[in-house]
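**Q** Output the structure for:
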Amino acid sequence: MFLGLVAVYAVAATVVIAVRHRPEIFPKPHGTGSAPVRESPMAGSAGEPRTVAHVLRGEADAVRDAIREADRMSDRGLAGQALQRLQQRQAAFPDNLALRLRIAGTQLSLGDAASARDGFVAAIRIDPANVDAREGLAGALLALKDAEGALEMAQWAIEGGKAEAGSLRVAARAAVDLGQYTVAAGHLQDWLGERPDEVEARDLLGLCHLRLGEYGKAAFQLGDLIRQGRGTEASYLNLTLAFAQQKQSADVAGLLLKAAQRLNRPRVLAWFGRPDFAEIREDPVVAAIAAQLAEGSSPGPTLKLPEATRESISPRALGMT
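**A** Numbering: from 1, shown residues only. Take a look at the predicted model:
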């Protein structure tokens, strides 16, 4: 929103300067020797002339109020109605950048990535240097499964200003989707520099290390998350794979039991049907744990271990994103 207001006031300043240098482009008020003119929207309530700056400040205030109202509605779970309210306001101010950005962002949050993409593109046409528009477009492209476009746009946003967490997240996600794990790791390190406690960033960094064959680094990142009690399913699964790649059967077995307690038995047992678990389940120690998890504790239900998957898998495709 701040960037949008800056753009509005910049335009206002430009127009005011133009009026000073070329006053003939605006009608003169009555009593100056010129022919009478009809009252225009530039006139105040008492007929006094209003400057362009006043008009644009009024637009900025109206847009700011509309965005605040939309934010309050979204906070109450009324994002769809908030979008309608913003679009109604846009009818009065069709070229307002702040409104375009907020509408596109709301569309993206509602899952309409295609409309969001078009909205962010329109915003970039108005202000090609706008970092918020670039970041928003990157997010929309990622949601549309255009990883290459998302990475390019996110990197453009990062180059255009201070590296924000949103741009770094999209860049990292897109790079992972493209298999560019070294590139992704670089963006993740920068993201963690901005937000050191971001679980998603640490999970993704652990995954990148895993797929790059850096199993010790993967174990450090993911193990630390789990020790802090912040581990996700991806944290447990990817750490299991890192231990398995290092032939640490006892650590694999212990982690599977811990994961079953932290998550649940069905979810952990489902891992054994994954292609990247094909070799793990053949380990006698792990096989015993799998049988124990399937059997459960009385009177709990007995679960069936998934069929083994014989599909070959590259080390660079290990793990869960």
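**Q** Which residue ranges make up the domains of this protein?
**A** Using automatic domain parsing, the domain parsing of the chain gives 1-23+51-128, 214-321.
**Q** can you list the ones you listed in TSV and add mean pLDDT and distance to residue 189?
**A** Just so you know, the C-beta spots here come from the backbone N, C-alpha and C atoms, and that holds for glycine as well. Listed next are the domains of the chain as TSV, based on pLDDT from 0 to 100; distance: least, C-beta to C-beta, whole Å:
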stretch	mean pLDDT	distance to residue 189
domain 1-23+51-128	73	26
domain 214-321	90	11
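**Q** want to throw the ones you listed into CSV with distance to residue 154?
**A** As requested, the domains of the chain are exported to CSV (distance: least, C-beta to C-beta, whole Å):
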stretch, distance to residue 154
domain 1-23+51-128, 12
domain 214-321, 17
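**Q** In TSV, list the ones you listed along with distance to residue 191 and mean neighbour count.
**A** Below are the domains of the chain laid out as TSV (distance: least, C-beta to C-beta, whole Å; neighbours: other C-beta atoms under 10 Å):
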stretch	distance to residue 191	mean neighbour count
domain 1-23+51-128	19	17
domain 214-321	13	17
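**Q** Compare these and give me the one nearest residue 186.
**A** Closest to residue 186 of the domains of the chain is domain 214-321 (C-beta to C-beta; 13.8 Å).
**Q** how distant is the closest one from the center of its chain?
**A** 29 Å (C-alpha atoms, centre = their mean, to the nearest Å).
**Q** Need the distance between the two termini of it.
**A** End-to-end distance for domain 214-321, by C-alpha to C-alpha, to the nearest Å: 16 Å.
**Q** returning to what we had before: I'd like to know which of the domains of the chain is closest to residue 157.
**A** Across those, residue 157 has its closest neighbour in domain 1-23+51-128 (10.4 Å, C-beta to C-beta).
**Q** Assign a three-state SS to residue 312, would you?
**A** coil (DSSP: H, G, I helix; E, B strand; the rest coil).
**Q** what sits against it?
**A** Neighbouring residues of residue 312 by C-beta atoms under 8 Å, 6 or more residues apart in numbering: residue 275.
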